[in-house]
Structures are given as C-alpha cells and as structure tokens.
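Student: my questions concern the predicted model and sequence given below.
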Amino acid sequence: MEMGLQQLQMQSERVAVASEAEEAWGLVPTNANGSITVPVLSKLHNRYFGLRHGESEANLVGIISSDYNRGSTIHGLTPKGRMQARQAATALLESVGRDEVENLVVISSNFTRARQTAAECMRALQEIVSFENQPIRSSEDGDAT
C-alpha cells in the first residue's frame, strides 16, 4: 500500500512541474479523476513522400559516407544513381498526381548524393509533365505525329 501512495505523490509532483507546452497540448490531467483530455486535431491536408538517394560513389567503394563535412562535398551519384533518381520521377508523379505537381515542395539534405537525387528526380518530373502537355502536331500529309 505504501508503494502506491508513493507513486501517486510522484505523479502529483510531475503534474505540478508540467511544462507550458504540455499544458497547451492538453497533456496535463485536467479532470477530477486525473485523466487527460486530448483535443481532436482537424484532418491534415499535407502528404509526405520519402525518396532514398540513388547509387552513390561511396556505395561503389563500399564506404559509409555520413560525415557532413565530406558527404556534402563529395560522394555524388554515379550514372546509375542518376538514372535511378530519374526513374523515381514516374512513381512520384503517380503518387502525387498530375494536378498537384505544381504544389510539390522538395526538401533535401545537404549531402551531395541527396541533392543530386532530388535535382534529377525533379528535372525528370518536369520533363514528363512538359512532354505530356505538348499539343499534338500534324504533319503535312495529315497524319498526327
């Protein structure tokens, strides 16, 4: 019984020193029985997609390039890695939807391989959309090209 009382006192002390953030989010017991009322958030409208970098020079030599000072200046993508990034554009386009491409925001880490992957993917995405939006032209003999 003594252990239960001690735990209750510890809980009370924690509640007394609750941070302003906890109070703002409703994470501090507010009811007489000590329960927490958590507000229901409105539906979020953003969607997030993750894209791993393509094959990098570091991958080829079997090293892990996680040092920011080196990884942000060397160890870019190989030609295969650039192609992988471009191929990812089609999957991204299908996931995002053609009508939402203009609202797409891309954020990348500063590592060379990540920046190059993002740039290649976005360039390919823009090329696909641009190609699809080109008007159909007719040749001189009347056949569509």
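Tutor: Now that the structure is in, tell me what you want to look at. Numbers count the residues shown, from 1 in each chain.
Student: how close does Phe131 get to Phe49?
Tutor: 22 Å (Cβ to Cβ, to the nearest Å). The way it works is simple: take the backbone N, C-alpha and C, and place the C-beta from them, glycine included.
Student: what about these two, which has more around it?
Tutor: Neighbour count, other Cβ atoms under 10 Å: between Phe131 and Phe49, Phe49 has more, with 11 against 8.
Student: quick check: the more buried one is in a strand.
Tutor: No. Going by DSSP: H, G, I helix; E, B strand; the rest coil, the assignment for Phe49 is coil, not a strand.
Student: do I have it right that it meets Glu94?
Tutor: No. Between Phe49 and Glu94 there is no contact under Cβ atoms under 8 Å: 11.0 Å.
Student: which ones are touching the closest residue in space to Leu51 that isn't next to it in sequence?
Tutor: Closest residue in space to Leu51, ignoring its immediate chain neighbours: Ala88 at 5.8 Å, by Cβ to Cβ, 6 or more residues apart in numbering. By Cβ atoms under 8 Å, 6 or more residues apart in numbering, the contact list for Ala88 reads Leu51, Gly54, Thr117, Cys121.
Student: Leu77 too?
Tutor: His53, Gly54, Glu55, Ser56, Glu57, Ala85, Thr112, Arg113, Gln116, Thr117, Glu120.
Student: now with 7 Å, please.
Tutor: Under the criterion of Cβ atoms under 7 Å, 6 or more residues apart in numbering, the contact list for Leu77 reads Gly54, Glu55, Ser56, Ala85, Arg113, Gln116, Thr117.
Student: redo those as JSON lines? Include distance to Asp67.
Tutor: Conversion of these to JSON lines gives the following (distance: Cβ to Cβ, whole Å):
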{"residue": "Gly54", "distance to Asp67": "20"}
{"residue": "Glu55", "distance to Asp67": "19"}
{"residue": "Ser56", "distance to Asp67": "14"}
{"residue": "Ala85", "distance to Asp67": "22"}
{"residue": "Arg113", "distance to Asp67": "13"}
{"residue": "Gln116", "distance to Asp67": "18"}
{"residue": "Thr117", "distance to Asp67": "19"}
